[in-house]
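1. Have a look; sequence and predicted model below, questions after that.
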Amino acid sequence: MIEIKNISKKFGKLEVLEHVNLSFRKGECIALIGPNGCGKTTLIKCILGMVIPGEGDLYYNGASIRNKYLYREKIGYMPQIGRYPDNMTIGQIIETIKDIRKFTGVLDEELMHQFRLPELFHKRMRTLSGGTTQKVSATLAFLFSPDILILDEPTAGLDPLASEILKNKIIKEKNKGKLILITSHLLSELDDLITEIIYMQDGKVHFHETVEKLLASTGEQKISKGIARILHSNNPGYMDKQNNETRTSA
Amino acid sequence: MNKITKFVILDILRNKIVIAYTLLLAVLSWSVFSLEDNSIKGILTLLNLVLLYVPLVAIIFSTIYVYNSSEFIELLISQPIKRKKIWLSLFSGLQLSLIVAFLVGAGIPIMCFAPLKLGGMLLLVGCIISAVFVSIAFLGAICTRDKAKGIGIAILLWLYFALLFDGLVLFLVFQFADYPIEHAMMVLTGFSPIDLARILILLQMDVSAMMGYTGAVFKEFFGTDTGFVITILVLCLWIAIPFMLSLRKFNRKDL
């Protein structure tokens, strides 16, 4: 569905993405993980056309997305930190996006009601807490039942109840056969969601594996432990200290 | 009119600065015309005020508005909309509201007091100048991410066009006073939209007789219909070129 071919991106001298090649298919639920500043968000923004890659190209259903915009009708995006015009109310934001999308299908307002947003429709964006802003972002991402969902740190800043609601919604959409791309630091949260894992570091893709293969090759039960093991074997110095600590505490 | 432009205009109206600007223009124009019993003199005074304040308000307000819309732009850009459309809608929204503000504020008194042709010309010039400076503001604002720097650039650009450029021209005139520079001067005028606008109005008023030989050369060019059309075209280029440059930058910008 989405094909990323050899893209590179520099911000000034800093190389954020180096020759990234990836492909995502329908029905996959992919976790994009890696340390801070490894280029996850930049990669996502490249897919959305918010950041324009210096080299390489991206394809949606076989067609390049360069200078295209209609393909974004099929994408729901939840940013890591949603930035909205201060003076608009929640209701206005949702109405504006509805107006702009000219969406004709049935709106998926499930999340909006579960988050109890209609009660807050009159509130201005600048008065909202980080968590409520995240709820608005999530609602907008799911509102138009897109084929692709791109969620950048979806549960960061949400309270346990809200993050459970969101997780259930993600699972529900995944079962409908949509492509879901999630970045997260909380590996434990991803266990019952994802089917594939991409690990990035310093702008490069270290590995792209299905979860079963990862668990089978490392002999672990949990994704987080499997990844830790792989990182340990790739880069012994970095993980040694942490592993020792876990051992002593165990 | 598209949704985004409409939204921008409503947002600007809510912001009330444009309403204050309209009132200010109205007060200025009414008082100028009630102080001068000769409406031609009134137009002359108003021309100088318009050429000073309209660019200032247009460039500063637009610059700040573009910076403050960064969140809105970011929200829109992940939606299925062309980047070009976002930028163009923002531009037309700002332009329209400033032009309407000018027409309402200055237009009514001008139409009441001034002769139709001269008054109409001043209104046309005011609208074009508003658009030119919105366009320049867009170019300035896209060049840097830093808001303080962007506003600084806007103020410097205004100073340059409103004050420094005239000084520069005056300096050149004195330096080359012994040479026939009338035609070079005419070309030089094209580099400042404010000067173009000023000359366009002055030549409608027959005061060019007082400007000596240069005045005569100017009259010969700007006073004719072709000269008028060319001047308006050059002013339109002043709207189009900065905006096109800013659009090119915006299309390649990483958000």
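-> Thanks, I have the structure now.
2. Residues of the stretch 151-255 of chain B that sit close to chain A?
-> Residues of the stretch 151-255 of chain B found near chain A (CB under 8 Å from any CB of the partner chain) are B:252, B:254-255. To be clear about C-beta, it is placed using only N, CA and C from the backbone, and glycine gets the same treatment.
3. quick one, what contacts residue 13?
-> Answering for chain A, as no chain was given. Contacts for residue A:13 (CB atoms under 8 Å, 6 or more residues apart in numbering or on different chains) come out as none.
4. I was after chain B.
-> If you count contacts by CB under 8 Å, 6+ apart, residue B:13 has them with B:19, B:97.
5. Now do the SS call for it.
-> Under DSSP: H, G, I helix; E, B strand; the rest coil, residue B:13 falls in the helix class.
6. if you skip the residues just before and after it, what's nearest to residue A:140?
-> residue A:97 (5.9 Å; CB to CB, 6 or more residues apart in numbering or on different chains).
7. So the one you found is in contact with residue B:80, correct?
-> No: look at residue A:97 against residue B:80 with CB atoms under 8 Å: they stay out of range, at 10.6 Å.
8. name the element the residue lying farthest from the centre of chain B belongs to?
-> The C-alpha centroid of chain B is most remote from residue B:178, which lies 33.5 Å away (CA atoms, centre = their mean). Residue B:178 belongs to no helix or strand when assigned by DSSP states H and E.
9. Give me the number of neighbouring residues for the closest residue to residue B:123 other than its chain neighbours.
-> Ranked by CB to CB, 6+ apart and with sequence neighbours excluded, the top spatial neighbour of residue B:123 is residue B:107, at 5.4 Å. Neighbour count of residue B:107, defined by other CB atoms under 10 Å in any protein chain shown: 21.
10. what do you get for residue A:70?
-> Neighbours of residue A:70 (other CB under 10 Å): 12.
11. Could you confirm the residue nearest to residue B:123 falls within a helix?
-> Yes: checked against three-state DSSP, residue B:107 lies within a helix.
12. is it true that it touches residue B:122?
-> No: if you go by CB under 8 Å, residue B:107 and residue B:122 don't touch, sitting 9.2 Å apart.
13. tell me which element the residue in the stretch 101-250 of chain B positioned nearest to chain A is part of?
-> Residue nearest to chain A within the stretch 101-250 of chain B (CB to the nearest CB): residue B:250, separated by 11.2 Å. Taking DSSP H and E as the definition, residue B:250 sits inside helix B:225-251.
14. for that helix, what is the average pLDDT?
-> If you average the pLDDT over helix B:225-251, you get 93.
15. ditto for stretch B:69-80
-> If you average the pLDDT over stretch B:69-80, you get 89.
16. again, but for stretch B:123-140
-> The model assigns stretch B:123-140 a mean pLDDT of 96.
17. which stretches of the stretch 51-200 of chain B have low pLDDT?
-> By pLDDT under 70, the stretch 51-200 of chain B has no low-scoring segment.
18. how far away is the nearest residue to residue B:45 once chain neighbours are set aside from residue B:48?
-> In this structure, residue B:45 finds its nearest non-sequential neighbour in residue B:32, 5.1 Å apart by CB to CB, 6+ apart. Distance of residue B:32 to residue B:48, computed by CB to CB, to the nearest Å: 10 Å.
19. and chain A, which residues reach chain B?
-> Neighbours of chain B within chain A, by CB under 8 Å from any CB: A:11, A:45, A:48-52, A:69-73, A:75, A:77, A:79, A:83-87, A:93, A:96-97, A:99-101.
20. So among those, which ones count as buried?
-> A:45, A:48-52, A:69, A:71-72, A:75, A:77, A:79, A:83-85, A:93, A:96-97, A:100-101 (16 or more other CB atoms under 10 Å in any protein chain shown).
21. which is the next helix or strand following the longest helix belonging to chain B?
-> Using DSSP state H to define each element, chain B has its longest helix at helix B:39-68. Using DSSP H and E, the helix or strand that follows helix B:39-68 in sequence is helix B:70-77.
22. counting contacts, what elements does that next one pack onto?
-> If contacts are counted by 3 or more CB pairs under 8 Å, 6 or more residues apart in numbering or on different chains; DSSP states H and E, helix B:70-77 sits against helix A:90-101, helix B:83-102.
23. Show residues contacting the shortest one.
-> Going back to what we said before, that points to helix A:90-101. In contact with helix A:90-101 (CB under 8 Å, 6+ apart) are residues A:73, A:84-85, A:88, A:107, A:112, A:117, A:120-123, A:125, A:128, A:136, A:139-140, A:143-144, B:3-4, B:7, B:75-76, B:79-81.
24. can I assume residue A:178 is in contact with residue A:24?
-> No: when contacts are counted by CB under 8 Å, residue A:178 is not listed as touching residue A:24 (11.1 Å).
25. In three-state terms, label residue A:8 for me.
-> Three-state call for residue A:8 (three-state DSSP): strand.
26. For it, which non-adjacent residue is closest in space?
-> Closest to residue A:8 by CB to CB, 6+ apart is residue A:55, at 4.2 Å.
27. Need the phi and psi values for that neighbour.
-> The phi and psi values for residue A:55, taken as degrees, to the nearest 10, are phi -130, psi 160.
28. Spit out the contact partners of it.
-> A:6-9, A:19.
29. nearest residue to residue B:232 other than its sequence neighbours?
-> In this structure, residue B:232 finds its nearest non-sequential neighbour in residue B:128, 7.5 Å apart by CB to CB, 6+ apart.
30. that's a helix at the one you found, yeah?
-> Yes: Residue B:128: assigned to a helix according to three-state DSSP.
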